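Visitor: Next comes the sequence, and after it the predicted model I'd like to discuss.
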Amino acid sequence: GIQQNEEFQRYDGWYNNLANREWGSAGSRLHRDARSHYSDGVYSVNNSLPSARELSDTLFKGESGIPNTRGCTTLLAFFSKYSSLEIQCRVADFSGQVVAYEIMQSNGVSCPLETLKIQVPICDSVFDKGCQGKTEIPFTRAKYDKATGNGLNSPREQINERTSWIDGSFIYGTTQPWVSSLRSFKQGRLAEGVPGYPPLNNPHIPLNNPAPPQVHRLMSPDRLFMLGDSRVNENPGLLSFGLILFRWHNYNANQIHRKHPEWTDEQIFQAARRLVIASMQKIIAYDFVPALLGEDVRLSNYTKYMPHVPPGISHAFGAAAFRFPHSIVPPAMLLRKRGNKCEFRTEVGGYPALRLCQNWWNAQDIVKEYSVDEIILGMASQIAERDDNIVVEDLRDYIFGPMHFSRLDVVASSIMRGRDNGIPPYNELRRTFGLPPKTWETINEDFYKKHTEKVERLKELYGGNILYLDAYIGGMLEGGENGPGELFKEIIKDQFTRIRDGDRFWFENKLNGIFTEEEVQMIHGITLRDIIKATTDIDEPMLQNDVFFFKEGDPCPQPFQVNTTGLEPCVPFMQSTYWTDNDTTYVFTLIGLACVPLICYGIGRYLVNRRIAIGHNSACDSLTTDFLTDGYTQKGDVYGVNGLFWYYRYSKLKFRVLALEWLQEEYIRQVRIEIENTTLTVKKPRGGILRIIRFEPGQKIDLFHSTPNPEAMHGPFVLLSQKNNHHLVIRLPSDRDLSKFLDQIRLAATSINSEVNVADEQNSVLLSQAITKERRQDRLDQFFREAYAKSFNDDELRDSENSFDSTNEDILNETISREELASAMGMKADNEFVKRLFAMTAKQNEDSLSFNEFLTVLREFVNASQREKLLTLFKMCDLEGTNRVLRKDLAELVRSLNQTAGVNISEAMQMRIFNEVLHNAGVGNEARYITYDDFNALFAEIPDRQPVGLPFNRRVFQPSIGETSSLNSFAVVDRSINSSAPMTLIHKICAFLETYRQHVFIVFCFVAINLVLFFERFWHYRYMTENRDLRRVMGAGIAITRGAAGALSFCMALILLTVCRNIITLLRETVVSQYIPFDSAIAFHKIVALFAAFWATLHTVGHCVNFYHVGTQSQEGLACLFQEAFFGSNFLPSISYWFYGTITGLTGIALVAVMCIIYVFALPCFIKRAYHAFRLTHLLTIAFYALTFLHGLPKLLDSPKFVYYVIGPILIFVIDRIIGLMQYYKKLEIVSAEILPSDIIYIEFRRPRTFQYKSGQWLTVSSPSIPCTFNEAHAFSIASSPQDDNVKLYIKAVGPWTWKLRSELLRAQNTGSPYPLIHLKGPYGDGNQEWMNYEVAIMVGGGIGVTPYASTLNDLVQLTSNDAFHRVRCRKVYFLWVCPTHKNYEWFVDVLKNVENQDRQGILETHIFVTQLFHKFDLRTTMLYICEKHFRATNAGMSMFTGLHAKNHFGRPNFKAFFQFIQSEHKEQSEIGVFSCGPVNLNEKIAEGCAEANRQRDAPSFAHRFETF
Amino acid sequence: NPSPSDYPNAAIPNFNMHAFVIFSVFLIPFIAYLLILPGVRRKRVITTVTYVLMLVVGASLIASLILPCWASGSQMIYTQFRGHSNERILAKIGVEIGLQKVNVTLKFERLLSSNDVLPGSDMTELYYNEGFDISGTFLSVSSMAEALHHGLENGLPYPMLSVLEYFSLNQDAFDWGRHYRVAGHYTHAAVWFAFACWCLSVVLLFLLPHNAYKSILATGISCLIACLVYLLLSPCELRIAFTGENFERVDLTATFSFCFYLIFSMGILCVLCGLGLGICEHWR
Ligand SMILES: Cc1cc2nc3c(=O)[nH]c(=O)nc-3n(C[C@H](O)[C@H](O)[C@H](O)COP(=O)(O)OP(=O)(O)OC[C@H]3O[C@@H](n4cnc5c(N)ncnc54)[C@H](O)[C@@H]3O)c2cc1C
Ligand SMILES: NC(=O)C1=CN([C@@H]2O[C@H](COP(=O)(O)OP(=O)(O)OC[C@H]3O[C@@H](n4cnc5c(N)ncnc54)[C@H](OP(=O)(O)O)[C@@H]3O)[C@@H](O)[C@H]2O)C=CC1
Ligand code: HEM
Ligand code: HEM
Ligand SMILES: [Ca+2]
Ligand SMILES: [Ca+2]
Ligand code: NA
Ligand code: NA
């Protein structure tokens, strides 16, 4: 019998049937008993059928309160009703009541959600009160077996998620974890909370918990009772049954335990379970089914277990027939008090009965308040509604729905369910069950007679064609006095017979050996009444025998037939959006995201401004510690303050202090300030006067200094304003120095009776007011421009922005000093030539030149004849005004010019040349004077009689005055090459493509790959992933964002490759370098970064839109969408959850921030002016990759792919960095260092053994002694040749680091302490290293940009002179050196000398361009030419300036002419390499020149490689 | 001999070929090193220690990635294990959870009762060791549900199905499988990261020994992070109710096991080594 040792019946229904192991199991398909009827034969619902709601309104609307003619009680209704309540979710089947819930659940949602719309007829009394005609009731199609619905022979089959066996699944659940969570594991009992009730759902087992429509918000699952069926808490009637059956189990367990105290928990539990199952089987099959179908329809007698009978719930049963009991459900429940009196509750929340529509999903409160007993008693007395077409409004209008459509219509849903399941139309279904077809009139003749108009309307809706009539409607119409009509009866009977006969564990089945004969008899005796008796405290006489019916004479009849009048009204349907409350978060998040770049930009600006305000690079501001330097140390008087040294020697007349002179925003130099008597001198720390300021008697001295601030880390600024000159701005070491400085100035002032005005200012104000050299220069420019404009009568020369009147009044009153005139001419103020010129012109005031005076001189040079110009020049030399020039004076003038140009020969030699030149002009060696005629003869030597003029700063007049270049000195210009090649568009394009073929190729491929990746992902998400809900919720948004993410991942991968300097250096020497323009790596880096920015923006904006759509989703929509994310039943994720509660959202926002920071600080303006901030923020790239990796990790929408894109590049990048670290040489000692003119530093250190490089390459240097915020590395070209033992660098001091290095070296030299140690990384490849691959190579070095050529040229001559066989292809190398004056680059002259000596084969041809002097139009140049010519003639072609054979030119090179010259010289070449290094403009000029020359299609083309410093 | 040759089936020894192949990657260098050890003259100890340490760490990382040993439990249970029969047996059920896999084992101990008329089949050899994918490769969060379904179709013994059921559910409180999947997913990523750091350490040890301590430290820290992640994300309690030997309720519970502790100790080891080396580097 109920002993422990029988076979255990599985909870999930598996393995019941030997041949078909899944039969009846939870999760198996519904049973198809009639041909499926999808509109496409596979899965589509026929949309042309009439609106289900309209059908429902037409046929099922009606008054409630019509009593059941058969006396069915509500108990039957609740015991049987399978209410369809097809609301969207798996969670919300209305109350498939006990039997239905025991055997089926097949309305779970399928993912992706497939929502159909039920058209609501206009002016529907519930759903369209406003007669808008727009409402549609949502209907979600049910979960189906994904293996079906793909082909005509396997149409879509829905799934039954419960066991179709009557196996107590309603009480125990269908899975072991569920059962275990219900069990107490003590004496076989189910766990109880308060006695007689199960525990509340604290552990949150997955009970259905939709929002009750009457409260319309999600409620905590804690309030629900934990029972076997997830839907059990739906309404009080159903819950009461759940509780009764729960108690029934425990009742049996107690009985068994009493009888068999030795049994274990498991034994008792299984035995009790078997009894419960058996009693349910008995009651359902033998009491309930006849009660439902009418006395005439009984199940046939049980014969035996029939293993061939399929027990599955059929579509027709689930979607149509078993929904018949909806008709008998009343609108409210009567509650009857316990005890032996017949007493009904009259007051249930203020109403006589408990309204159904107001208590969905709050059943537990009712049950707890009124107890199970009262509900059961009430149901036993209450007569159900009639078996007819009418369904009460609680089900038809006010059943619960999803949050966004809180009320639904059971009838409409049932109709839709039939269509969803593809059950055949009415007559077809009848045919399947062996019933004859019907016509509209004969479906239910009684009904037709009574309600002809309803049937006619129905007919009309179906277009008169009964073939289309939905089976559910036909079946419901059939119903009458005797319950359901023949079709439904047939279906229901068949279903229960199959469930019974196919069940191996059926209680009557002798073969299973579970129950003995007696036990079976005993079970046959059990009725629902017995169960109620055993589980409640109801007085036995108060309950009728057959609780399913209320008959005459039964105890306690209902006081009235419940109808809707006088009941609590139903809360009407509401449509709410899930988006509510998200607005604020969303809007603020978007605003926040948009603000991030602005904030970054603000911070950047602030950094730049702060740097300006502090006065120098704050990131590396240890410049102030540099006061320890020069010779003063030996003299004593050293005061140390906080490790900061300053020197001050006090005497009455002399004051000295070391200070920093602030020249411009990022240019500060260390100076020595001396005040002696009335003169203030600014000197270089080691001597050398920079500036002298004399205080004139009666002059007003205006002084500003920083507001004293004891906390300031730096000393105060002092600004001394100067008329006609830039201000002197210095930073004193400390406030103490300031007072001494002021004292000294006052002292000086009193001695000359002048007044001193001292005022204090904020640093930033002070510095912004200072007229710096630069600002003064602007003013001077204006001055000159105006003068030129006037003398040439050319308005264009004027600064177009400044109109004549506004500022020119000012300019006309401006005066300039001699120094300024000198510098405008590129000469020194004490140059004899300048002195004389100034003396000759400045007539009013010997110290300053007024505008008019200047204009006069200028006009003389511009408009006067050649003769007159010479006359002027003559006058300049004629100091005594005697119309003759002292030979000595002229010699002095020439000497001073030579000095400017930087002659390389002794004075005696200069003198000799001068004499020779005069001699040639017919002036005898003995002549003391030179006459004007001699002068004329002298200048007659100028070869092409160039115009002689007075040059000024080319900035001023170059564009209009035209040529200042000197390339005409390249004598050979082959006229056969048309100087102006035809410039059609095609030619331009061809030339461009030729020059940039590799660039164009690569960029095109890059863009194309981006687009392909985007498109591929786009396509995938737009059209391919049908199985995901993504597309439904986000439309094209998801496709766009994923596409962007794909392309972005690619960009992020590629961008790493562009910065693999070491690997690129290696690749340069392979064949790859012919295809990839490695020089442009950083430019490409920026292009890739821009693409990445674009994709990231698209992605971010796209996801912001997408998550708006996600925010509008219902819970079940989200469950489909985010399978990996997971929420409790009462949690509806808001937008703040998505943005701030998920790793993806958080990292997404962090990524936006990180990217903004990286990008904003990579803007050119910040790279230029806040390089440190750029370096620092660029380190965030690590965070950038880490965050992106984390971003995809949660698999929110799809599995992450980012890693696959970047893993390779990261690997390469890491290898690159490892190579870099391996090429990191630490703590190298500087073996020699020099401070050269033009702020150039020379350092030389021993070359590490493994440090191999090519000429033209560069390295980076950092130094632990220059502790900037980051021990940053700075790039410098290697100046030594690869053969050298030492590495040599020439470094120009331009900014904090380089200045600091300079002062460190100075300090070391002065104090004899060791030089700072340096770290070195490299070498890195550079376009310059490829010179040896061309037969003809042109190298152009500008300014400090010659450094690589120091290496290259040495390398060239060493390789080519030593042995015949070498790697170098070059047959001819042109080297163009462009410098303001070579005087300042003597070191390089030495290099060149050395190279010239070694170059025996004459491969190298050098041209030097001295830009400080101009070729034409320049008096000075003319004189120099004359001398140079003579010198060369007498000195084997050696230059008087450089001692080199190299040609000197004055002025900037004319590259266009030069390239033409080369083209004519080397016609046989196909490609000529051009290498350049130097200032940006120089490189640009060369690039332009190349591009222009390349338009010549039949001449050699130029490949330009360059490095910009 | 006229009959076609026909050898009996080879009995499969209980041997994990996959794991063997992977471990040989570590084993072979180790043995090779032991071979040449007598020839090593300088810094014998330190070289050996470093060498062994690196191999052990690498092998541990790989082991923890592939072996289902992060959490495990076993229990002796009294159970029915198939349909259409009422045999009850004593068996040992075990569950071993890895980062991407869960292994369920069932070993027959003895038959306890059977009312079958037919003589019971011989169960003494019954031993199941089935691996299931818990990671939900590509979108399939429901991989365990599918595993359960296949298990049902393939007719696995009831206790194993019960275990699978626990892992396949994915709703509200019934989320053990999801917890293990999520924990495994993130831990997997962290261990891979540790492995990448380990690879870097090896490369650095060869090429730039002075920098290796950083990556060793990173290896250690990511190991510890992996453990922390697993600790935080794996479910607090998985208690699968069975009937025990004495017919009382017993729970099959999973506690942290071999791999978890292995990675934890490797983490500690690497952090200590990394710190040690770093300090040496600093004082050098
Ligand atoms: C490949 C290459 C080779 C070079 N070779 C030489 C050389 O042989 N001799 C020489 O005198 N100069 C050379 N330079 C220029 C030199 O690197 C900078 O002048 C120097 O780094 C400026 O540093 P700073 O702190 O003194 O000046 P800052 O005021 O900080 O810089 C001035 C400008 O230089 C740039 N800069 C600053 N720091 C760096 C850095 N770490 N790397 C790159 N650019 C920077 C910034 O754009 C800044 O606007 C070379 C530059 C490059 C890229
Ligand atoms: N204050 C600062 O921040 C300073 C920054 N620097 C930077 O250091 C780098 C190197 O400095 P430095 O060597 O002194 O450079 P220079 O400014 O001295 O220029 C080098 C040479 O190139 C010539 N040149 C410039 N442009 C062209 C052109 N378009 N066509 C032909 N010739 C041209 C110059 O001629 P010309 O004399 O006619 O201009 C000069 O002879 C530069 O990039 C500069 O930006 C240098 C000094 C100060
Ligand atoms: C997607 C965003 C970016 C990433 C991932 C990225 C990554 C990198 C990396 C890894 C380096 C090497 C750093 C080093 O050598 O230490 C680098 C260098 C550099 N990046 Fe970017 N970068 C990005 C955006 C940009 C942008 C927008 C710019 C400028 C417009 C830029 C300009 C540079 C420059 C000039 C360098 C060389 C810096 C130097 O060598 O000092 N980068 N970048
Ligand atoms: C608030 C802003 C953002 C949101 C809401 C967001 C959201 C998302 C989402 C939902 C995914 C899909 C993840 C998945 O399938 O599990 C994703 C993927 C991705 N996102 Fe974002 N994202 C944002 C910003 C960014 C930014 C700024 C970047 C820049 C790097 C970025 C890069 C990526 C990448 C590369 C992927 C693909 C990941 C992979 O395939 O591994 N996202 N993003
Ligand atoms: Ca069932
Ligand atoms: Ca009715
Ligand atoms: Na259904
Ligand atoms: Na079924």
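Guide: Great, that's in hand. Numbers count the residues shown, from 1 in each chain, chains lettered A, B, ... in the order given. Ligands and ions are numbered 1, 2, ... in the order given.

Visitor: how many other residues sit next to A:N1481?
Guide: By the criterion of other CB atoms under 10 Å in any protein chain shown, A:N1481 has 11 neighbours. Where C-beta positions appear, they are placed from N, C-alpha and C, glycine not excepted.

Visitor: quick one: secondary structure of it?
Guide: Three-state call for A:N1481 (DSSP: H, G, I helix; E, B strand; the rest coil): helix.

Visitor: which residues does it contact?
Guide: Not one residue lies near A:N1481 by CB atoms under 8 Å, 6 or more residues apart in numbering or on different chains.

Visitor: Give me the local confidence score for it.
Guide: Predicted confidence (pLDDT) at A:N1481: the value is 87.

Visitor: Now do the contacts for A:K134.
Guide: Residues in contact with A:K134 (CB under 8 Å, 6+ apart) are A:D128.

Visitor: let's see 7 Å
Guide: A:K134 sits next to no residue when contact means CB atoms under 7 Å, 6 or more residues apart in numbering or on different chains.

Visitor: any idea how far A:K117 is from it?
Guide: Here A:K134 is placed at a distance of 11 Å from A:K117 (CB to CB, to the nearest Å).

Visitor: How about A:N421?
Guide: Applying CB to CB, the value for A:N421 to A:K117 is 18 Å.

Visitor: for A:N46, same thing?
Guide: For A:N46, the distance to A:K117 equals 14 Å [CB to CB].

Visitor: likewise A:L477?
Guide: Applying CB to CB, the value for A:L477 to A:K117 is 25 Å.

Visitor: Next, the residue positioned nearest the centre of chain B: secondary structure please.
Guide: Centroid-nearest residue in chain B: B:P68, 1.9 Å away (criterion: CA atoms, centre = their mean). For B:P68, the assignment made with three-state DSSP gives coil.

Visitor: Please identify the nearest residue in space to it, excluding sequence neighbours.
Guide: Excluding its sequence neighbours, the residue lying closest to B:P68 (CB to CB, 6 or more residues apart in numbering or on different chains) is B:G98, at 3.1 Å.

Visitor: now A:F1213, nearest residue through space, not along the chain?
Guide: If the residues on either side of it in the chain are set aside, A:F1213 comes closest to A:L1056, at 4.5 Å by CB to CB, 6+ apart.

Visitor: In this structure that neighbour contacts A:I1210, no?
Guide: Yes: assessed by CB atoms under 7 Å, A:L1056 is found in contact with A:I1210 at 6.5 Å.

Visitor: who has more neighbours, those two?
Guide: A:L1056 (21 against 17).

Visitor: how much space between the more buried one and A:I1212?
Guide: 7 Å.

Visitor: A:N936 too?
Guide: The gap separating A:N936 from A:I1212 is 72 Å, by CB to CB.

Visitor: what's the answer for A:R1028, then?
Guide: Distance of A:R1028 to A:I1212, given as CB to CB: 34 Å.

Visitor: B:Y33 too?
Guide: To A:I1212, B:Y33 is 30 Å away according to CB to CB.
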